[in-house]
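[1] Got a predicted structure plus its sequence, pasted below:
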Amino acid sequence: MDKREEPVDYSRPVAYDANGRPLYAHPPIENINTGRRASDQSSGEVSVAAKLKHDKSQRIFPELVLNDGDYVLSAVSRHPIGLFTPFLLGIFVIALAFAALFNYDIVIKAFQLTGNMADASVIFWPVMIFVIFVLLSEYIAYYIFTSNRLFLTNDSVIQQIQTGIFSNSEQIVSLGNIEDASYSQNGIIQQLFDYGSVRLSTEGEETTYKFTYVSNPKEVIATLDSAIESFKNHRRPC
């Protein structure tokens, strides 16, 4: 006949020490945060801190799809100097159009225009439409440039690539697959304004990912190296 184990009465001493003081047994200690036994703490559950960081990242970056426990360590934007050339060219073209409109009498004499073309009011709306077209082109260039972003999470590197208004893609590389991460700054301009390129290469497939016009690339690589080391050592970066 099986003998059932009687419940332990933790209010009664189980032994006495050398000085005659009673010693008591204690029930198994529960984990305060999860309610699990201390011996079960090595499960894959997400910590409270990681959950809070995950929720915050999703609020700030709703366009990202993050797994439970994943959160953004750094959001890398492109340096605005990359917009200098298209903006400067746009301003020059618009200024030239308005100069021709407001000094149309000089244009008439220079090209010996006659008839309707000799009337400044005839070209007013064509010039306005041209200026609007240039401004729209400037906005498109700005949108495409700023939509290219790089996100570093505690699990992966996410690159959002925008090549046109309706053309975009996303690349995700696990930190565990990154073999090499480096940056480069070429020329005095990049050194002076502290921007450059970040380059990632992966193991196996030997794929290379490059992100240009990165602000403070040295700091970005330092953060990335720390995250990779933490990931490969099975430690969550802070």
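    Cool, got the structure.

[2] quick one: Val93 from Ala141, how far?
    In this view, Val93 and Ala141 are 13 Å apart by Cβ to Cβ, to the nearest Å. Just so you know, the C-beta spots here come from the backbone N, C-alpha and C atoms, and that holds for glycine as well.

[3] Please name the residues that touch Ala227.
    By Cβ atoms under 8 Å, 6 or more residues apart in numbering, Ala227 lies in contact with 73, 152, 154, 175, 237.

[4] Apart from its chain neighbours, what residue comes closest to the fourth one?
    If I follow you right, that is Leu175. In this structure, Leu175 finds its nearest non-sequential neighbour in Phe231, 4.0 Å apart by Cβ to Cβ, 6 or more residues apart in numbering.

[5] In which helix or strand does that neighbour reside?
    helix 217-232 (DSSP states H and E).

[6] I'd like the distance from that helix to the chain centre, please.
    Distance of helix 217-232 from the chain centroid (Cα atoms, centre = their mean, to the nearest Å) equals 14 Å.

[7] Give the buried residues for it.
    By neighbour count on 16 or more other Cβ atoms under 10 Å, the buried set for helix 217-232 is 217, 220-221, 224, 227-228, 230-231.

[8] Including distance to Phe111, could those residues go into a markdown table?
    As requested, the buried residues of helix 217-232 are exported to a markdown table (distance: Cβ to Cβ, whole Å):
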| residue | distance to Phe111 |
| --- | --- |
| Pro217 | 50 |
| Val220 | 53 |
| Ile221 | 56 |
| Leu224 | 58 |
| Ala227 | 63 |
| Ile228 | 64 |
| Ser230 | 68 |
| Phe231 | 67 |
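
[9] Now flag whichever of those residues is closest to Gln160.
    Val220 (15.5 Å; Cβ to Cβ).
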